[in-house]
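Chemist: Turn this into a structure:
(one chain, ligands or ions: 2)
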Amino acid sequence: MSIFEKVFGGNPIKSLEIMKIDFHVHTSYSHDASDSPQKLIDRALQIGLDAICITDHNTIAGLEETAAYASDKPILIIPGIEIHTRDGHVLGINVTKKIEPGLNFEDTVRQIRDGGGIAILAHPFFWPHHFKAWERVDFTKIRDYFDGIEIINTSVFRRANRKARVLAEKFGLPVTAGSDSHSRDYLGKGFIELTGHGLTSKEVVEAILSNHPGNRVIGQEIKLLEKVKSAGIIFRETRKTRVRAAGTELGIMSFLKNRVKRRGPKIGRLGSSLGLSPNFFTLLSMGFGGLVLIFLVKINLIFASIFFAAAIFLDFVDGALARATGQETTKGAYLDTVADRYVEALAWLGFLFLPLPTYFFAPQIWIFLGLFGGLMTAYVKAAAAEKNLVQEELPDGFFSRPERTLSLLVAMAVGLFDLKLTMIILIFVALAANLAAWQRFAAYTRHE
Ligand SMILES: [Zn+2]
Ligand SMILES: [Zn+2]
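Modeler: Ligands and ions are numbered 1, 2, ... in the order given. Now for the predicted structure:
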């Protein structure tokens, strides 16, 4: 390491008179962010940031650890918080005490200022966390309402940033820029350059408020595809941490799976006492799948739901039976997984025959997307194994087959009352299944 890197944080050609600051950074103390303060600081030094403002959602719990780790490093940690107010997200910069979420923005801003901080409207035009109280703002006194506005947030769409910039220019509001990164890969994608060197948090705040023409905001919005990919990675990382913390898997489905696993042997013994093989149950579940299709075609949702529930139940039984009787074979498992796809496809096919309403697109489009998303979820995993991309299986993600089939069962059953509900659930399944496929794809491609 050269002397330059040591003193100036890895960027020897950087001017002494400029400070590069990312004003919107989430650590793993935010429920939806993946990287520890240590990893973030290491990354910040690597990419030549001079300061970062830690803005975890509604908490200051990460500040101490961040500051401690940074204390002997050439980087300034500006304490902050991102508060979810009733009117949208507000950044408290230079804030060291916790501020309650859920208040209106006036009360939130007052608390931030009382504590010696400044209040910045975060991504004011980014739905659904946009600023919702413009009608309460007297624009002739806009600077009484908040101290500044975030005009570059690289995690939102360009349109939203453009609107924020127009507003700031119109009223001469002080501005900030930040990445709003929830993982270190996106840290520093947006930042502000201030004139000066070795400024303290207080001096940085003064420089922001001065709105000096030398304050330069820099950054480029992250592409949509990148965003989807990073959301998948962050979901996986944060879930890993949560699972570690809880000592067990979370979620309704894993709860159900565990129960079934415990009951499994009993069901299995029952089956074997009847002298039936696991493969018999697999084939029976496919037969029930056929009945589901027939009853959906007849728009008889009672019987369709009953047989679909039976098919799902048998799907649990065949595996349990195989384990209980020691007949667990690779071929049996293979037959089972292929049969499951048929049962699901038969259900989707049946939905085509229901008089479903159109939301955004014709029901056929959603049904196609749902079927495709479900198959892709399986395919990205199968293809990764087939191409020897991974040695071990990666976690299944938030919406895999059990969640999907149960949602389909609910969609059928609620159709008894109102087919609008059926359609809404199918749309949800279509979106979630494709997102899950993407999430898995991202996880497999990222895996080393
Ligand atoms: Zn936000
Ligand atoms: Zn944020």
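Chemist: So which bits of this structure are right by ligand 2?
Modeler: Applying Cβ under 5 Å from the ion, we find that the chain lies next to ligand 2 at 82, 180. For the C-beta atoms, the positions are set from N, CA and C on the backbone; glycine is no exception.
Chemist: What is the longest strand of the chain by residue count?
Modeler: Using DSSP state E to define each element, the chain has its longest strand at strand 76-85.
Chemist: And that one, what does it pack against?
Modeler: The contact analysis (3 or more Cβ pairs under 8 Å, 6 or more residues apart in numbering; DSSP states H and E) places strand 76-85 against strand 18-25, strand 51-54, helix 63-70, strand 88-93, helix 105-114, helix 201-210.
Chemist: how much space between the spatially most central residue of the chain and ligand 1?
Modeler: The centroid of the chain falls nearest to residue 231 when counting by Cα atoms, centre = their mean (4.5 Å). Distance, residue 231 to ligand 1, using Cβ to the ion, to the nearest Å: 14 Å.
Chemist: got it, and residue 377?
Modeler: Remark: distance between residue 377 and ligand 1 (Cβ to the ion) = 29 Å.
Chemist: any idea how far that residue lies from residue 319?
Modeler: 19 Å (Cβ to Cβ, to the nearest Å).
Chemist: quick one on the thing from earlier: please name the nearest non-neighbouring residue to the residue nearest to the centre of the chain.
Modeler: Nearest residue to residue 231, sequence neighbours excluded (Cβ to Cβ, 6 or more residues apart in numbering): residue 439, at 7.6 Å.
Chemist: higher neighbour count, residue 377 and residue 319?
Modeler: Neighbour totals were compared for residue 377 and residue 319, and residue 377 leads with 26 against 21 (other Cβ atoms under 10 Å).
Chemist: can you pull the contacts of that one?
Modeler: Contact analysis of residue 377 by Cβ atoms under 8 Å, 6 or more residues apart in numbering lists 397, 399-401, 404, 433, 436-437, 440.
Chemist: go with 10 Å
Modeler: 396-397, 399-401, 404, 432-441 (Cβ atoms under 10 Å, 6 or more residues apart in numbering).
Chemist: what about residue 220, neighbour count?
Modeler: Counted with other Cβ under 10 Å, residues neighbouring residue 220 total 11.
Chemist: Repeat that for residue 331.
Modeler: Per other Cβ under 10 Å, the neighbour tally for residue 331 reads 8.
Chemist: Excluding covalently adjacent residues, which one is nearest to whichever residue of the stretch 51-200 of the chain sits closest to ligand 2?
Modeler: Using Cβ to the ion, the point where the stretch 51-200 of the chain gets nearest to ligand 2 is residue 180, with a distance of 4.3 Å. Counting by Cβ to Cβ, 6+ apart, residue 180 lies nearest to residue 155, which is 3.9 Å off, once chain neighbours are set aside.
Chemist: That neighbour and residue 89 touch, don't they?
Modeler: No - contact between residue 155 and residue 89 fails when scored by Cβ atoms under 10 Å: they sit 11.6 Å apart.
Chemist: I'd like to know which of the contacts of residue 377 are buried.
Modeler: Buried members of the contacts of residue 377, counted by 16 or more other Cβ atoms under 10 Å: 396-397, 399-401, 404, 432-441.
Chemist: Need the pLDDT of residue 417.
Modeler: As predicted, residue 417 sits at a pLDDT of 91.
Chemist: between the buried ones among the contacts of residue 377, which is closest to ligand 1?
Modeler: The nearest member of these to ligand 1, counting by Cβ to the ion, is residue 435 at 20.5 Å.
Chemist: What strand or helix carries that closest one?
Modeler: Per DSSP states H and E: residue 435 is located in helix 419-446.
Chemist: next one: that helix to chain centre, how far?
Modeler: Offset of helix 419-446 from its chain centre (Cα atoms, centre = their mean, to the nearest Å): 13 Å.
Chemist: do the same with stretch 359-378
Modeler: For stretch 359-378, the distance to the chain centre is 21 Å (Cα atoms, centre = their mean).
Chemist: can you pull the buried residues of it?
Modeler: When burial is assessed from 16+ other Cβ under 10 Å, stretch 359-378 yields the following buried residues: 363, 366-367, 369-378.
Chemist: Rebuild those as TSV, extending it with distance to residue 105.
Modeler: Below are those laid out as TSV (distance: Cβ to Cβ, whole Å):
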residue	distance to residue 105
363	41
366	38
367	43
369	38
370	40
371	45
372	43
373	39
374	42
375	46
376	42
377	41
378	46
